[in-house]
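Student: Mind folding the following:
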Amino acid sequence: MSMSVEISAGTEVGAASYRRGTAGYRAVTLALFAAGLTTFVSMYSAQALLPAFSHAFGVSPAVSALSVSVTTGMVALAIIPASALSERFGRTRVMIFSAITSCVIGLLLPLSPTIEILLVGRAFQGAALAGIPAVAMAYLAEEIDPKDLGGAMGRYVAGTTVGGLIGRLIPAAVVDVSSWHWALFAVALLSTVFAIVMTRALPRSQFFRPQPVSARRLVSNLRAHLAHSEMRTLFALGFIMMGAFVSVYNFLGFRLAAVPFGLSEAIVGLVFLFYLAGTVTSTVAGALADRVGQRWVLLGSVSVTVLGLVLTVPDNLVLTLVGILLFTGGFFAAHSVASGWVGRLARAHRAEASALYLFAYYAGSSVAGVLAGSAYAVGGWNGVSVFVACLLVVAMGLSLRMFRATRVG
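Tutor: Below you'll find the predicted structure:
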């Protein structure tokens with residue numbers, strides 16, 4: 001399919017929601033899978049390079065980790081404005097503009113002469129990236145039949161996990177034989193390829209209806225979603241779970257490269273292959289939630305995440321790796337279910353509902369990422385583990401609250 005944008009103020013005559021097995025469903029899920037790839041390849045490419053940044057610029061691990069936190073922080077700040085713009089200009093226009101702009105910035109990042117310039121560039125890239133996650137869930141909720149939404153959402157989240165994997169694995173391999181400059185350049189090129197696939201495959205919206213951008217209306221819509229107790233719980237869960245996830249992965253490389261493990265950067269990079277667990281669990285969890293209900297799958301996913309964290313604490317490489325595998329799979333399963341649940345609960349103004357969830361999600365990444373840096377400075381990996389454990393205790397409480405509040409999935 002060629003690149004297309006919304007051209008109608010109303011629903012197409014004879015339009016029908018895409019069902020699993022149809023050509024339209026396959027086109028949408030391919031485009032959104034590619035959208036997840038290009039977004040997360042760019043967003044987390046710096047995470048595998050944190051030790052390299054520390055060495056090249058002579059900064060602490062906490063300062064190096066800001067190259068992730070400033071990006072996710074700007075994504076969080078730009079999510080809601082991007083969502084509002086999508087209500088006026090269309091879902092696909094915003095996603096395509098976001099992909100192109102972030103790729104251009106990504107191609108310029110390897111030229112950064114100082115850590116300060118790199119951080120500024122990463123912040124701008126975060127703002128540009130926000131358009132895709134701000135709109136993707138709303139687009140799916142509008143275009144996919146509700147009976148198949150969980151599976152479609154799972155495929156989008158699967159794309160984000162593969163993107164996160166590639167965005168960490170490739171720079172880790174390149175930096176081991178070259179420099180961080182070439183590592184970032186390689187990632188930027190690949191992200192551009194995925195962006196092209198997304199723009200070519202993305203079908204025109206059938207059910208989007210443009211609305212004027214109004215600050216008053218936007219605030220009213222946001223307040224309506226925040227008045228929903230279950231939505232607030234899911235927003236808080238997104239904040240906590242993403243904060244826990246980024247905290248672990250920001251400092252995992254330092255943990256595995258230090259005594260007693262002493263692994264090389266290339267070997268540490270291979271650990272990001274565990275992202276494939278998230279690719280599987282996000283898809284399975286989304287489909288399973290469609291059949292047995294979100295509450296059971298969410299509670300089980302958070303429980304697996306907790307177990308995974310516990311296994312990373314002993315100085316045993318096998319246990320640590322198994323723990324990371326479980327932690328990763330559990331996190332992405334929980335995210336897939338929670339994000340899909342927000343789309344189901346939002347009967348109107350879905351873009352704003354998705355934006356609120358993702359604002360919390362990426363704010364958690366930024367805020368917890370910074371706090372985890374302080375925890376690492378004080379107590380090393382054990383300090384990070386205690387910090388993340390506290391977050392997961394809260395996450396378990398939120399999951400139990402959703403379990404009790406919803407008798408029907």
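
Student: Residue 186 contacts residue 169, correct?
Tutor: No. The pair residue 186 and residue 169 does not pass the contact test of CB atoms under 8 Å, sitting 10.8 Å apart. Using the backbone N, CA and C atoms, a C-beta is placed for each residue, glycine as well.

Student: what number of residues lie near residue 303?
Tutor: When counting by other CB atoms under 10 Å, one arrives at 17 neighbours for residue 303.

Student: distance of it from residue 351?
Tutor: As defined by CB to CB, to the nearest Å, residue 303 lies at a distance of 31 Å from residue 351.

Student: Determine the longest helix present in this structure.
Tutor: If each helix of the chain is counted by residues according to DSSP state H, the longest one is helix 350-405.

Student: could you give the mean pLDDT of that one?
Tutor: Confidence over helix 350-405, taken as the mean pLDDT, stands at 92.

Student: tell me which strands and helices that helix is in contact with?
Tutor: In terms of contacts (3 or more CB pairs under 8 Å, 6 or more residues apart in numbering; DSSP states H and E), helix 350-405 is packed against helix 61-64, helix 66-89, helix 131-143, helix 215-226, helix 229-257, helix 294-311, helix 317-345.

Student: what's stretch 32-39 in contact with?
Tutor: The list of residues contacting stretch 32-39 from outside it, by CB atoms under 8 Å, 6 or more residues apart in numbering, reads 95, 99, 102-103, 129, 132-133, 136, 139-140, 152, 155-163, 166, 191-192, 194-195, 197-198, 201-202.

Student: What of stretch 81-92?
Tutor: The set of residues external to stretch 81-92 that reach it, using CB under 8 Å, 6+ apart, is 4-6, 93-94, 98, 130-131, 134-135, 138-139, 142, 202, 204-205, 208, 210-213, 218, 351-352, 354-355.

Student: and the contacts of stretch 32-39, which of them are in helices?
Tutor: Filtering those for helices - DSSP H - leaves 95, 99, 102-103, 129, 132-133, 136, 139-140, 152, 155-163, 166, 191-192, 194-195, 197-198, 201.

Student: Give me the buried positions along the strand or helix carrying residue 39.
Tutor: Assignment of secondary structure by DSSP states H and E places residue 39 within helix 23-43. With burial defined by 16 or more other CB atoms under 10 Å, the residues of helix 23-43 counted as buried are 24-25, 28-43.

Student: Residue 290 against residue 144, yeah?
Tutor: No. In this structure, residue 290 sits apart from residue 144 without contact. The criterion is CB under 8 Å, and the distance is 11.2 Å.

Student: Spit out the contact partners of the residue nearest the centre of the chain.
Tutor: Central residue of the chain (CA atoms, centre = their mean): residue 160, 6.1 Å from the mean position. Residue 160 is in contact with 36, 37, 39, 40, 282, counting by CB under 8 Å, 6+ apart.

Student: Ok, residue 30 next?
Tutor: Applying CB under 8 Å, 6+ apart to residue 30 gives the contacts 197, 201.

Student: now do residue 70
Tutor: Contacts were defined as CB under 8 Å, 6+ apart; by that measure residue 70 touches 119, 122, 123, 126, 366.

Student: Format the residues you listed as a markdown table; extra columns: secondary structure and distance to residue 244.
Tutor: Shown next, in a markdown table, are the contacts of residue 70 (DSSP: H, G, I helix; E, B strand; the rest coil; distance: CB to CB, whole Å):
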| residue | secondary structure | distance to residue 244 |
| --- | --- | --- |
| 119 | helix | 23 |
| 122 | helix | 22 |
| 123 | helix | 23 |
| 126 | helix | 20 |
| 366 | helix | 13 |
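
Student: In a markdown table: the residues you listed, plus distance to residue 239 and neighbour count.
Tutor: Shown next, in a markdown table, are those (distance: CB to CB, whole Å; neighbours: other CB atoms under 10 Å):
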| residue | distance to residue 239 | neighbour count |
| --- | --- | --- |
| 119 | 23 | 20 |
| 122 | 21 | 27 |
| 123 | 20 | 20 |
| 126 | 17 | 26 |
| 366 | 10 | 24 |
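
Student: JSON lines please, covering those and showing distance to residue 327.
Tutor: Formatted as JSON lines, those follow (distance: CB to CB, whole Å):
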{"residue": "119", "distance to residue 327": "27"}
{"residue": "122", "distance to residue 327": "25"}
{"residue": "123", "distance to residue 327": "28"}
{"residue": "126", "distance to residue 327": "24"}
{"residue": "366", "distance to residue 327": "20"}
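
Student: No further queries at this time; thank you.
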